[in-house]
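Provided below are the primary sequence and the corresponding predicted coordinates.
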Amino acid sequence: MPRRLAQKLILSLTVIVVLIAAVAGLINVRNQESQLLNSMILGADQLSRGIASSTWEAMMADNRQSAYSVMQTIALKQGIDRIRIYNRDGRTMFSTVPGEANLRVDKNSDACAVCHASATTPREKPSTTSRARVWRTANGTRILSMLTPIYNEPSCSDAACHAHPKTNKVLGVLDVDMHLTPVDELVASMKIQVLVVTGIQIVLASGFIIVFTRKFVSNPIRKLIEGTKQVSAMNLDRPIEILHSSEELDALVLSFNGMRERLAEAIDEIRGFNEKLEATVEERTAQLKAAHQKLFHTDRLASLGQLSASVAHEINNPVAGVLNLSMLLQRILKDDGIPPGRIQEFRKYLTQVIQETSRVGRIVSDLLAFSRRSKPQRAPADLNRIIGVTLSLTEHKMKMANVAMETALAPSLPPVPCDSSQMQQVLLNLVMNACEATQSKGSGTVRVETRLSSAGDTVLMIVSDNGEGISTENLAKIFDPFFTTKPEGKGVGLGLAVLYGIVDAHGGEVEVKSQPGEGTTFTVSLPLAAVERPAEIPLLALREGEPAREPSVP
């Protein structure tokens with residue numbers, strides 16, 4: 001079945017033309033055939049009346065042989081099949097076909113039904129068309145039978161030689177049968193002519209329909225389709241032009257071209273807006289990156305401030321010990337040197353001074369390593385060593401807060417590609433938060449654990465505490481910048497946001513599990529294979545308050 005509009009239109013119009021031409025041809029043939037048949041009936045009626053007139057004199061003279069001879073001669077003419085005469089009782093008085101004389105005709109037959117339809121009184125003067133009957137012989141030839149009544153005229157009823165009373169209006173019937181073969185041949189010829197003419201009309205009309213449809217429908221629609229494809233391909237500089245089309249399609253083309261021009265203008269405006277937006281976004285992105293870096297270092301300084309207070313107390317102990325040992329050494333040392341009996345004691349005190357001084361140097365070195373501002377440098381590092389160094393910085397604060405520190409570091413842990421300084425900051429944030437979470441209970445325990453994942457491709461650093469825990473409504477917000485549950489002045493809510501940014505930059509993940517009143521567990525997953533991530537801490541805009549990737553929070 002055709003799918004295109006032009007094909008459907010051509011097919012529909014062609015079918016309509018064929019139907020109209022066929023019906024018109026059929027009606028024409030029927031009319032011609034009817035006219036020919038009517039002409040034959042009129043001719044047969046005239047022939048019957050002529051036969052009756054030509055035999056009238058013979059009949060008046062009661063010379064039947066002469067009358068029958070005339071009828072026999074007429075029957076030999078071309079086209080006449082048979083001539084018969086019936087009396088009023090239905091008996092065949094004469095027939096040009098031998099052997100039919102004296103045969104009685106059934107008045108109830110179709111031939112007699114014209115006049116004898118009524119059982120009481122027959123029709124005396126039937127119409128011409130009702131007296132004609134068309135029937136077929138055994139070999140299929142059509143025959144036209146014309147029945148003509150023979151009336152009892154006054155000249156006949158008053159004659160002395162006849163005994164027909166005046167009450168008998170009809171004396172008999174003259175039946176003339178004529179072949180319709182010429183009419184059938186003419187009708188067949190007419191049918192062929194009508195068929196040929198109808199076929200020519202259909203071909204011409206179909207050709208006209210095809211040309212008309214292609215010129216005024218198919219071609220304009222094809223150009224419109226091409227135009228829509230150009231618009232869909234964003235080729236907006238090619239207008240649609242259709243010549244010799246209809247007013248409707250011209251209006252459609254004008255409307256489409258107007259739409260194309262407005263679309264081109266809108267795209268130009270959008271392009272300009274996008275360029276301006278991209279420039280603005282780049283500018284704001286640069287500002288946000290600078291703000292992120294500043295916040296990152298601000299958090300490090302805040303952590304460094306906390307460490308400084310703790311380290312000050314940590315350094316105070318070895319310095320005080322060095323001072324006391326120096327005073328003891330000063331007492332042992334005399335003007336003439338070290339007494340021989342106290343040389344061993346003097347060396348002991350001097351060894352202790354060296355140890356305490358080295359301890360101070362180690363604490364200061366770790367503090368400087370944590371506070372240095374350098375670009376992230378990923379290199380294979382021993383995570384257990386980083387944890388040991390970081391915990392040494394928090395040892396004094398943990399003691400002061402009455403918090404016990406437990407470690408369960410997996411031996412033979414493979415090196416992790418990371419920035420050691422940033423990993424120190426991650427662990428320090430987690431440990432400090434855990435320490436503060438347990439202070440509300442007066443005492444508590446912080447546990448730091450490392451192990452290899454079951455798949456063997458990730459190192460896990462787990463920091464847990466038995467503190468107050470995190471409420472359900474706050475658990476999903478703890479990584480948002482500036483979100484904090486600490487009292488005013490105790491924190492700005494950047495620690496965990498920066499922590500998450502550092503872990504995400506290393507290709508890792510942070511998982512949090514917490515139960516209010518029971519404690520919190522942070523699990524940091526660091527891949528053993530280096531993952532390429534942006535060098536900056538991937539925090540989002542501060543107004544948004546969302547991390548680059550959602551941390552795993554149950």
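Great, that's in hand. Numbers count the residues shown, from 1 in each chain.

In stretch 455-466, which residues are buried?
Judged by neighbour count using 16 or more other Cβ atoms under 10 Å, the buried positions of stretch 455-466 are Thr458, Val459, Leu460, Met461, Ile462, Val463, Ser464, Asp465, Asn466. Backbone N, C-alpha and C define where each C-beta goes, glycine included.

Include secondary structure, distance to Ala291 and pLDDT when you put the residues you listed into JSON lines, please.
Formatted as JSON lines, those follow (DSSP: H, G, I helix; E, B strand; the rest coil; distance: Cβ to Cβ, whole Å; pLDDT from 0 to 100):
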{"residue": "Thr458", "secondary structure": "strand", "distance to Ala291": "32", "pLDDT": "93"}
{"residue": "Val459", "secondary structure": "strand", "distance to Ala291": "32", "pLDDT": "95"}
{"residue": "Leu460", "secondary structure": "strand", "distance to Ala291": "32", "pLDDT": "95"}
{"residue": "Met461", "secondary structure": "strand", "distance to Ala291": "28", "pLDDT": "95"}
{"residue": "Ile462", "secondary structure": "strand", "distance to Ala291": "32", "pLDDT": "96"}
{"residue": "Val463", "secondary structure": "strand", "distance to Ala291": "28", "pLDDT": "95"}
{"residue": "Ser464", "secondary structure": "strand", "distance to Ala291": "33", "pLDDT": "94"}
{"residue": "Asp465", "secondary structure": "strand", "distance to Ala291": "32", "pLDDT": "92"}
{"residue": "Asn466", "secondary structure": "coil", "distance to Ala291": "37", "pLDDT": "90"}
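
how close does the residue nearest the centre of the chain get to Ile225?
What sits nearest the mean C-alpha location of the chain, by Cα atoms, centre = their mean, is Ser232, with 16.6 Å. According to Cβ to Cβ, to the nearest Å, Ser232 stands 11 Å off from Ile225.

now do Gln330
Applying Cβ to Cβ, the value for Gln330 to Ile225 is 106 Å.

Show me which of the two is the more surrounded one.
Between Gln330 and Ile225, Ile225 has the larger neighbour count (other Cβ atoms under 10 Å), namely 11 against 8.

Using PDB, write out every CA atom in the strand or helix carrying that one.
Here Ile225 sits within helix 219-232, counting by DSSP states H and E. Listed next in PDB are the C-alpha coordinates belonging to helix 219-232 (Å, rounded to 0.1, in the frame of the first residue of the first chain):
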ATOM      1  CA  ASN A 219       7.300  18.500  -5.800                       C
ATOM      2  CA  PRO A 220       6.300  21.300  -3.400                       C
ATOM      3  CA  ILE A 221       5.900  18.800  -0.500                       C
ATOM      4  CA  ARG A 222       9.300  17.300  -1.400                       C
ATOM      5  CA  LYS A 223      10.900  20.700  -1.200                       C
ATOM      6  CA  LEU A 224       9.200  21.300   2.100                       C
ATOM      7  CA  ILE A 225      10.500  18.000   3.500                       C
ATOM      8  CA  GLU A 226      14.000  18.900   2.200                       C
ATOM      9  CA  GLY A 227      13.700  22.300   4.000                       C
ATOM     10  CA  THR A 228      12.700  20.600   7.300                       C
ATOM     11  CA  LYS A 229      15.700  18.300   7.000                       C
ATOM     12  CA  GLN A 230      18.000  21.300   6.500                       C
ATOM     13  CA  VAL A 231      16.500  22.900   9.500                       C
ATOM     14  CA  SER A 232      16.900  19.800  11.600                       C
END
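
by contact count, what packs against it?
Contacts defined by 3 or more Cβ pairs under 8 Å, 6 or more residues apart in numbering; DSSP states H and E place helix 219-232 against helix 247-332.

could you give the mean pLDDT of the helix it packs on?
The average of the pLDDT scores along helix 247-332 is 76.

Which elements pack onto that helix?
So helix 247-332, by 3+ Cβ pairs under 8 Å, 6+ apart, packs with helix 219-232, helix 343-371, helix 383-400, helix 420-439, helix 495-505.

Please repeat the previous calculation with a cut-off of 6 Å.
If contacts are counted by 3 or more Cβ pairs under 6 Å, 6 or more residues apart in numbering; DSSP states H and E, helix 247-332 sits against helix 343-371, helix 383-400, helix 495-505.

Buried deepest among those, which one?
Among the helices and strands packed on helix 247-332, the stretch with the highest mean neighbour count (mean count of other Cβ atoms under 10 Å) is helix 495-505, at a mean of 25.

Could you check the angle it makes with strand 458-465?
An angle of 170 degrees separates the directions of helix 495-505 and strand 458-465 when computed by axes from the mean of the first three to the mean of the last three Cα atoms, to 10 degrees.

can you pull the contacts of the residue nearest to the centre of the chain?
Not one residue lies near Ser232 by Cβ atoms under 6 Å, 6 or more residues apart in numbering.

residue ranges for the helices of the stretch 451-554 of the chain, please.
Using DSSP state H, counting those that start in this stretch, the helices of the stretch 451-554 of the chain run over 472-475, 495-505.

Make a markdown table out of the ones you listed and add distance to Asp175.
Listed next are the helices of the stretch 451-554 of the chain as a markdown table, based on distance: least, Cβ to Cβ, whole Å:
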| stretch | distance to Asp175 |
| --- | --- |
| helix 472-475 | 118 |
| helix 495-505 | 119 |
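
so which of the ones you listed gets nearest Arg91?
Taking Cβ to Cβ, helix 472-475 is the member of these nearest to Arg91, at 125.4 Å.

buried ones in the closest one?
Neighbour counts over helix 472-475 (16+ other Cβ under 10 Å) mark Leu475 as buried.

and it, how far from the chain's centre?
42 Å (Cα atoms, centre = their mean, to the nearest Å).

Over to stretch 173-191?
69 Å.

Equivalent analysis for stretch 450-464, please.
With Cα atoms, centre = their mean, you get 47 Å for stretch 450-464.

end to end, how far does it reach?
Its first and final residues considered, stretch 450-464 spans 12 Å by Cα to Cα, to the nearest Å.

what residues does it touch?
Contact with stretch 450-464 is made by 383, 409-410, 413, 416, 430, 434, 447-449, 521-528, as judged by Cβ under 6 Å, 6+ apart.
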